[in-house]
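1. What follows is a predicted structure for the sequence shown.
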Amino acid sequence: MYRIDCNGCLCQESNNLVCEENLCLSKKGLIKMEAKKLSGKKCHQNESYGCVQCNCVDRITVCKGIPQCEEREKLTGHAAKMPLALNPDEEKCVPGTMYTVQCNQCYCQLDSTLRCTQKTCLNYAQAMKLEKQRLHLEKHGL
């Protein structure tokens with residue numbers, strides 16, 4: 001079993017990955033949803049959960065994302081490391097290393113061949129359209 005973004009994947013006997021096709025939220029989107037989920041409950045004190053700060057206002061929890069928290073995690077090294085970029089036409093990969101090729105995540109196998117996700121890489125207009133749809137879904141709690 002492998003995890004690529006937020007999708008679970010199984011490796012078949014033919015060494016092909018079969019993955020779920022879930023829409024994965026950004027870190028910022030996940031933080032916003034977590035804050036919404038934690039808000040509205042009874043409380044006794046202020047608390048924080050990762051990048052979410054919850055304040056106790058009139059004994060009701062009011063939570064929101066901590067500004068620039070994701071960026072601070074990246075700078076301090078507490079966030080996941082980004083894979084290295086690789087041009088497979090010009091470079092050989094190092095076995096056991098994760099790479100980014102275009103918009104796909106790849107794993108370099110023992111024989112120096114790449115096993116990659118098969119995402120369709122979007123241009124700017126396509127990415128903006130998808131982001132608009134994601135924001136709509138997030139806003140409506142879907």
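-> Nice, I can see it. Residues are numbered from 1 along each chain as shown.

2. Which parts of this structure are helices?
-> Per DSSP state H, the chain carries helices over the ranges 27-38, 69-76, 124-139.

3. ranking these by mean pLDDT, which is last?
-> In terms of average pLDDT, helix 69-76 trails the rest of the helices of the chain, at a mean of 56.

4. thinking residue 102 is in contact with residue 120, fair?
-> No: the pair residue 102 and residue 120 does not pass the contact test of CB atoms under 8 Å, sitting 9.9 Å apart. Just so you know, the C-beta spots here come from the backbone N, C-alpha and C atoms, and that holds for glycine as well.

5. what about those two, which has more around it?
-> Under the neighbour definition other CB atoms under 10 Å, residue 102 and residue 120 were set side by side, and residue 102 has more, 13 against 8.

6. Measure how buried the residue lying closest to the more buried one once chain neighbours are set aside is and give me the count.
-> If you skip the residues right next to it in sequence, residue 102 has residue 121 as its closest partner in space, 4.8 Å away by CB to CB, 6 or more residues apart in numbering. The local packing count at residue 121 equals 10, with neighbours defined by other CB under 10 Å.

7. Now do residue 121 against residue 101, distance only.
-> With distances defined as CB to CB, to the nearest Å, the gap from residue 121 to residue 101 amounts to 10 Å.
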